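> need coordinates for the below:
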Amino acid sequence: MFARIRRKIRNVLQDNSRSTFETFTATDSLSFDIAQENVIGVTSVTVNGTSTIGYSYANQKVDIESGGCSANDIVIVYYSYHRWSDTELDSYILSALYYLDCYSYPKSFVAESGNSGIFPIPTKPEQNLIAAIASILINPNMSSYRTSSVYISYPNKVSKEEKIEKLIARFKMDREGIGDVIEEDGEDF
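Residues are numbered from 1 along each chain as shown. Modelled structure (predicted):
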């Protein structure tokens, strides 16, 4: 559930994944630390101009199997998010659940240990509400958000708490109020 809401938050805040690469020159080790944070995964590794499948990736580190050859020029291609890590977004999701409780949302949501789930399971519109609240917490100066079907605008002098309170109140009046606001490339989550 957290992964689904994270995707929605990234859509609202336009934190899309990007493909990039880093080059290394091997010395004594075939273990390389990727400098970019928030790496989603490695897509390819080239050793001396030849693509290899003999590598592993974990925790920002790529280990290449030597295979008995010397490696001089290494190119690692990967996807990453450039703004927020999953851990950061998870903390904003937890804060959004707190705000729902503070502003008397009819359901009380609880995050499972390790942020693996939310109970009761939020409906699609509730997931969108959680994502919208988290987005306001991340970027409190966001004054508007536009999709092809919905436009949400806040006056500049409204605090993040007022924005969240109004959003929850609107949602409670019309349960489908923001149900289709947050989609990824036209897909339903």
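
> every contact and neighbour count from this point should use C-alpha atoms.
Fine.

> which residues are in contact with stretch 105-113?
Contact with stretch 105-113 is made by 94, 97, 100-101, 117-120, 122, 168, 172, as judged by C-alpha atoms under 8 Å, 6 or more residues apart in numbering.

> any idea how far the longest helix seen in the chain is from the chain center?
The longest helix of the chain (DSSP state H) is helix 86-102. Relative to its chain's centre, helix 86-102 lies at 13 Å (C-alpha atoms, centre = their mean, to the nearest Å).

> pLDDT averaged over it, what's the number?
If you average the pLDDT over helix 86-102, you get 95.

> same question for stretch 19-33.
So the average pLDDT for stretch 19-33 ends up being 89.

> endpoints of that stretch, how far apart?
This stretch, stretch 19-33, spans 17 Å end to end (C-alpha to C-alpha, to the nearest Å).

> cool, stretch 31-48 as well?
Using C-alpha to C-alpha, the two ends of stretch 31-48 sit 15 Å apart.

> pretty sure residue 22 is in a helix, no?
No. Counting by DSSP: H, G, I helix; E, B strand; the rest coil, residue 22 is not part of a helix but strand.

> so what's it up against?
34, 75-77.

> can you redo the residues you listed as CSV with distance to residue 55?
Output for the contacts of residue 22, formatted as CSV (distance: C-alpha to C-alpha, whole Å):
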residue, distance to residue 55
34, 14
75, 12
76, 10
77, 12
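
> in strands, which of these appear?
Taking DSSP state E as the definition of strands, these contribute 75-77.

> of these, which is the nearest to residue 58?
residue 76 (13.4 Å; C-alpha to C-alpha).

> skipping its backbone neighbours, what lies nearest the closest one in space?
Distances taken as C-alpha to C-alpha, 6 or more residues apart in numbering put residue 45 closest to residue 76, at 4.6 Å, once the chain neighbours are dropped.

> pLDDT score assigned to the one you found?
pLDDT at residue 45 comes out at 94.

> what's the helix or strand harbouring it packed up against?
For residue 45, the host element (DSSP states H and E) is strand 39-47. Applying 3 or more C-alpha pairs under 8 Å, 6 or more residues apart in numbering; DSSP states H and E, we find strand 39-47 packed against strand 50-52, strand 55-58, strand 73-80.

> so how far is that strand off the chain centroid?
Worked out by C-alpha atoms, centre = their mean, strand 39-47 lies 19 Å from the chain centre.

> part of a helix, is residue 156?
No. Counting by three-state DSSP, residue 156 is not part of a helix but coil.

> ok, it touching residue 143?
Yes. Residue 156 is within contact range of residue 143, at 6.2 Å (criterion: C-alpha atoms under 8 Å).
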